[in-house]
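1. what would the 3D arrangement of this be:
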Amino acid sequence: MIVDVASTPTRGRFAQIGSVVCWLAVVPPVAWAAVRLAGLDRGPLVQALAFTPYVAGWSVPAVALTLALRRWWPAAVAALAAVALLGVVAPRALAAPQPTVTGPTVRLLTANLLAGAGDARTLVELVRRHRVDVLTVQEFTPDAQAALRRLGLDELLPHRQLNPQIGTPGSGLYSRWPIADAGIRHNRGGWGFTQAYGTLAVPGTPPVRVESAHPSAPYALDQVGAWRADLAAQPPATPDGGLRILAGDFNATLDHGPLRALLRTGYVDAADATGAGLTGTWGPYDGDLIPPVTIDHVLVDRRIAVRSVTVLALPGSDHRPVLATLTLPTG
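-> Got it, this is the predicted structure:
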């Protein structure tokens, strides 16, 4: 029998390399799963957590790699991380049962206009084509207001509570139905985003409070505190009181603890409820390499049934409008 002694060290080196490769593939999803499950959205981790669905997707080939190379310990660890990440992400692609309600249908559209740069003609056409009943806008400027009026939005949605401002702080609420108890909420952090709100008198259902949400963005480390404070200051749901809807640019995904805390007050994320919760609403734009993330949301009282959610396009904006079709309760 001839023993190839020279090949033994070579095989050993390849085995070591294979183990290193496996652990390198496994460590990122394991660390990410630990951060996500522990709710450690602090500092630079806030921005990173927005990309959790992509890491969840990577966790699957990481498991496959470790199994293919027969590295059983890395495979076991990778499988645990994959189960954890897919467990929090995958349900967003599955529709959930909706409450049985028979009230009126409301088609609500929300759009961030990027300091008024979003194409006004396209937005009015979306309202007309989809027979939108309620429109919330963020980063709403005087020029945008004038352009939308000129293109006929005020005839389509004659009731409104508007706060146009130069730059990004402005906000607006347009409605097919009368608006009462209207006002403007001023967020304290970041660039001072405002939120228009009002109570809609929709025939056949109790009054519905709708607000154009726009908490601060965690665009820099020194803004994370403001981001967290603005999300904590969002109006909670009132399960034993009136119906509420928050719609807008939340600058947060379902992987961020402050948004999940807001949902626990009694809201449902409309996209998540219909299996559209993984559709990106921000990025990539202007040739950047940032993959899309889901930071625009329609949050509805859990007594409201969500029939569909569609993510649309708005040239000139770095956000994609979200259209939600809702059925309201009758009492």
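2. which parts of the stretch 1-150 of the chain are helices?
-> Secondary structure of the stretch 1-150 of the chain, counting by DSSP state H, counting those that start in this stretch: helices at 7-38, 45-49, 52-68, 72-89, 120-129, 142-150.
3. average model confidence for the fourth one?
-> The one in question is helix 72-89. Confidence over helix 72-89 (mean pLDDT, whole number) is 93.
4. and the angle from it to helix 7-38?
-> Helix 72-89 runs at 30 degrees relative to helix 7-38, counting by axes from the mean of the first three to the mean of the last three CA atoms, to 10 degrees.
5. can you show me the CA trace of helix 72-89 as PDB?
-> Written as PDB, here are the backbone C-alpha positions of helix 72-89 (Å, rounded to 0.1, in the frame of the first residue of the first chain):
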ATOM      1  CA  TRP A  72     -21.600  20.500  11.500                       C
ATOM      2  CA  TRP A  73     -21.000  23.100  14.300                       C
ATOM      3  CA  PRO A  74     -21.100  26.100  12.000                       C
ATOM      4  CA  ALA A  75     -24.100  24.500  10.300                       C
ATOM      5  CA  ALA A  76     -26.000  24.200  13.600                       C
ATOM      6  CA  VAL A  77     -25.200  27.800  14.500                       C
ATOM      7  CA  ALA A  78     -26.200  29.000  11.100                       C
ATOM      8  CA  ALA A  79     -29.500  27.200  11.200                       C
ATOM      9  CA  LEU A  80     -30.400  28.800  14.500                       C
ATOM     10  CA  ALA A  81     -29.600  32.200  13.100                       C
ATOM     11  CA  ALA A  82     -31.600  31.500   9.900                       C
ATOM     12  CA  VAL A  83     -34.600  30.300  11.900                       C
ATOM     13  CA  ALA A  84     -34.500  33.400  14.100                       C
ATOM     14  CA  LEU A  85     -34.100  35.900  11.200                       C
ATOM     15  CA  LEU A  86     -36.600  34.200   8.900                       C
ATOM     16  CA  GLY A  87     -39.000  33.900  11.800                       C
ATOM     17  CA  VAL A  88     -39.200  37.700  12.200                       C
ATOM     18  CA  VAL A  89     -39.000  38.600   8.400                       C
END
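6. quick one: contacts of it?
-> Helix 72-89 has contacts (CB atoms under 8 Å, 6 or more residues apart in numbering) with 19, 22-23, 25-26, 29-30, 32-33, 36-37, 52-53, 55-56, 59-60, 62-63, 66-67, 255, 278. All C-beta atoms are positioned from the backbone trio N, CA, C, and that covers glycine.
7. same question, the third one
-> Contacts made with helix 52-68 from outside it, assessed by CB under 8 Å, 6+ apart, are listed as 21-22, 25-26, 28-29, 32-33, 36, 72, 74-75, 78-79, 81-82, 85-86, 88-90, 92, 253, 255, 278, 291.
8. who's in contact with residue 217?
-> Going by CB under 8 Å, 6+ apart, residue 217 touches 190, 191, 223, 227, 251.
9. phi, psi of it?
-> Main-chain torsions, residue 217, degrees, to the nearest 10: phi -100, psi 140.
10. go on, residue 191?
-> Residue 191 adopts backbone torsions of phi -90, psi 10, taken as degrees, to the nearest 10.
11. that one against residue 167, yeah?
-> Yes. Counting by CB atoms under 8 Å, residue 167 is a contact partner of residue 191 at 7.4 Å.
12. these two: which is more packed in?
-> When residue 191 is set against residue 167 and neighbours are counted by other CB atoms under 10 Å, the residue ahead is residue 191, at 15 against 11.
13. which residues are in contact with the more buried one?
-> Each residue near residue 191 by CB under 8 Å, 6+ apart is listed here: 167, 168, 169, 216, 217.
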